[in-house]
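Visitor: model the following, please.
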Amino acid sequence: PLSEYRALFPALAAQGVYLNHAGVAPPSTRVRAAVLEWLEDVIAHGIRGENEWEARAENVRGLAAKLLGSSPGEIAFVRSTSHGLGLVAEGLDWRPGDEVAICPEVEYPSNVYPWRHLAVRGVAVREVPAVRGGMTPEALSRAIGPRTRLVAVSSVQYASGHATDLPAISRVCREAGALLCVDGIQSVGAFPLDVRAAGIDFLSADSHKWLLGLNGIGLLYVRQEVLDRVRPVLVGWKSTTDAWNFNRVLYDLKQDAGKFEEGSPSYLGIYGLGATIELLLEIGVDRIADRIRSVLARLEAGLAGSGAEVSPRPQERAGIVLVRVGGREEALFGELSGKGFSVSLRRGAIRISPHFYTTDDEIDRLVEAIRAFSGRV
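Guide: Modelled structure (predicted):
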């Protein structure tokens, strides 16, 4: 039963009702155990366990590939979603006059700034108008141009909750000869995603949200067929094919995504990442997604007729819903926070983002609190 996994997350008992996984999620005790395993090893034995650390890192790379539907050679460990997106933005073989299509009015800044930063290289941003809080394939088809070489979009928009139809967006990209780069932090771990089936060329995601992991460690996926088009902007000893031979200098870059890992890994972060991916795969991502959808449907049904506005529509959302109460959202946010509900206030709406262990009772309590607030004059 999903309820049995709640005991792995002490924050659920300590912080009231936790509904802020689109912000920062509480890691599990399994993550803590994995991190302590590495930390205690290096404290007690120094470098002696390095071979084991490397073997664990490769195992985690394989787990990440399984989660995303890729091969291990297409996965690189990065510090954050921003780090991964920046490696793609700065590493691609741009030409003056090239364009990147984005929807800046709804995107998180980390998926806007790297592309704006390319202006010094003669690359322009082609803006796609938002439709119902996100990028739709129809809007992209109308906006994309002959010089558009890449489309950048989030799998789920952080402030509107709009879930992008990635396969449909990918088809538009292929027809236009453009690459597709995805900020996956608001869905990876909680909703199924096969990067190959979805036609994604690049995806970056940190682990501290829906993956239920730690800050400072994430994943970058680069499709094998486009790996040679991305030049590593940071290189070091770990980027090369003979990295562990310290008796010579051989500048021969790896032919897989490992070329983007320039230096000593964050084994602490990688151990933690492995533990949380193992947990999510054990539970089943399909099962997790079904539970989250059920929880959000219960929330929406409970608020029907209360005067509160819930968005986005079920067919256009993943794990995030926004609640508006006629311009009194700041007051509602303060009241919910005071009652122990961990939610966010984003762009004039209450952002609610549950996970698989959220209970029906917790949702009912939230509904009761919002209905009571909405009923006041």
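Visitor: where does pLDDT dip in this structure?
Guide: Residues of the chain meeting the criterion pLDDT under 70: 15, 376-377.
Visitor: for the strand ranked longest in the chain, name the packing helices and strands.
Guide: Of all segments of type strand in the chain, defined using DSSP state E, the longest is strand 148-154. If you count contacts as 3 or more Cβ pairs under 8 Å, 6 or more residues apart in numbering; DSSP states H and E, strand 148-154 packs onto strand 99-102, helix 166-176, strand 179-183. From N, CA and C alone the C-beta is placed, and that goes for glycine too.
Visitor: in TSV: the ones you listed, plus mean neighbour count.
Guide: Putting these into TSV (neighbours: other Cβ atoms under 10 Å) gives the following:
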stretch	mean neighbour count
strand 99-102	24
helix 166-176	19
strand 179-183	26
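Visitor: using PDB, write out every CA atom in the longest strand of the chain.
Guide: Once non-C-alpha atoms are left out, strand 148-154 reads as follows in PDB (Å, rounded to 0.1, in the frame of the first residue of the first chain):
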ATOM      1  CA  THR A 148      14.300  28.300 -35.600                       C
ATOM      2  CA  ARG A 149      16.900  25.700 -34.600                       C
ATOM      3  CA  LEU A 150      15.700  24.800 -31.200                       C
ATOM      4  CA  VAL A 151      12.400  24.900 -29.200                       C
ATOM      5  CA  ALA A 152      12.800  25.100 -25.400                       C
ATOM      6  CA  VAL A 153       9.800  24.200 -23.100                       C
ATOM      7  CA  SER A 154       9.100  22.900 -19.700                       C
END
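Visitor: neighbouring strands for it, and are they parallel or not?
Guide: strand 99-102 (parallel), strand 179-183 (parallel) (DSSP bridges).
Visitor: how about the helices in the stretch 51-200 of the chain?
Guide: Counting by DSSP state H, counting those that start in this stretch, the stretch 51-200 of the chain has helices at residues 81-91, 113-116, 137-143, 166-176, 195-198.
Visitor: as a markdown table, the ones you listed with distance to R298 would be great.
Guide: Supplementary listing: the helices of the stretch 51-200 of the chain in a markdown table, determined by distance: least, Cβ to Cβ, whole Å:
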| stretch | distance to R298 |
| --- | --- |
| helix 81-91 | 30 |
| helix 113-116 | 37 |
| helix 137-143 | 30 |
| helix 166-176 | 26 |
| helix 195-198 | 28 |
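Visitor: L212: which of those helices is closest?
Guide: Each of these was scored for nearness to L212 using Cβ to Cβ, and the closest is helix 81-91 (15.5 Å).
Visitor: please save the CA atoms from the closest one in CSV.
Guide: The C-alpha coordinates for helix 81-91 follow below in CSV (Å, rounded to 0.1, in the frame of the first residue of the first chain):
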residue,chain,number,x,y,z
THR,A,81,18.4,22.0,-14.1
SER,A,82,19.9,25.3,-14.9
HIS,A,83,23.4,23.7,-15.2
GLY,A,84,22.1,21.2,-17.7
LEU,A,85,20.2,23.7,-19.8
GLY,A,86,23.2,26.0,-19.8
LEU,A,87,25.4,23.2,-21.1
VAL,A,88,23.0,22.7,-24.0
ALA,A,89,22.6,26.4,-24.7
GLU,A,90,26.3,27.2,-24.7
GLY,A,91,27.5,24.0,-26.3
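Visitor: contacting residues around it?
Guide: Applying Cβ atoms under 8 Å, 6 or more residues apart in numbering, the contact partners of helix 81-91 are 76, 78, 110-111, 114-115, 117-118, 152, 181, 183-185, 202-206, 218-220, 222, 230-234, 260.
Visitor: show me where the stretch 251-377 of the chain has its helices.
Guide: Listed from the start of the chain, the stretch 251-377 of the chain has helices (DSSP H, counting those that start in this stretch) covering 267-283, 285-303, 329-338, 360-374.
Visitor: most neighbours per residue, which of those helices?
Guide: Neighbour counts (mean count of other Cβ atoms under 10 Å) averaged over each of the helices of the stretch 251-377 of the chain peak at helix 267-283, with a mean of 21.
Visitor: residues near the nearest residue to S344 once chain neighbours are set aside, how many?
Guide: Spatial nearest neighbour of S344, chain neighbours left out: R351 (4.2 Å); criterion: Cβ to Cβ, 6 or more residues apart in numbering. If you count neighbours by other Cβ atoms under 10 Å, R351 ends up with 22.
Visitor: now do the contacts for R351.
Guide: Each residue near R351 by Cβ under 8 Å, 6+ apart is listed here: 20, 22, 159, 161, 320-322, 343-345.
Visitor: please tell me how far the closest residue to G62 other than its chain neighbours sits from A65.
Guide: With Cβ to Cβ, 6+ apart as the measure, P72 is the residue that lies nearest to G62, at 4.9 Å, once sequence neighbours are left out. When Cβ to Cβ, to the nearest Å is the yardstick, P72 and A65 sit 5 Å from each other.
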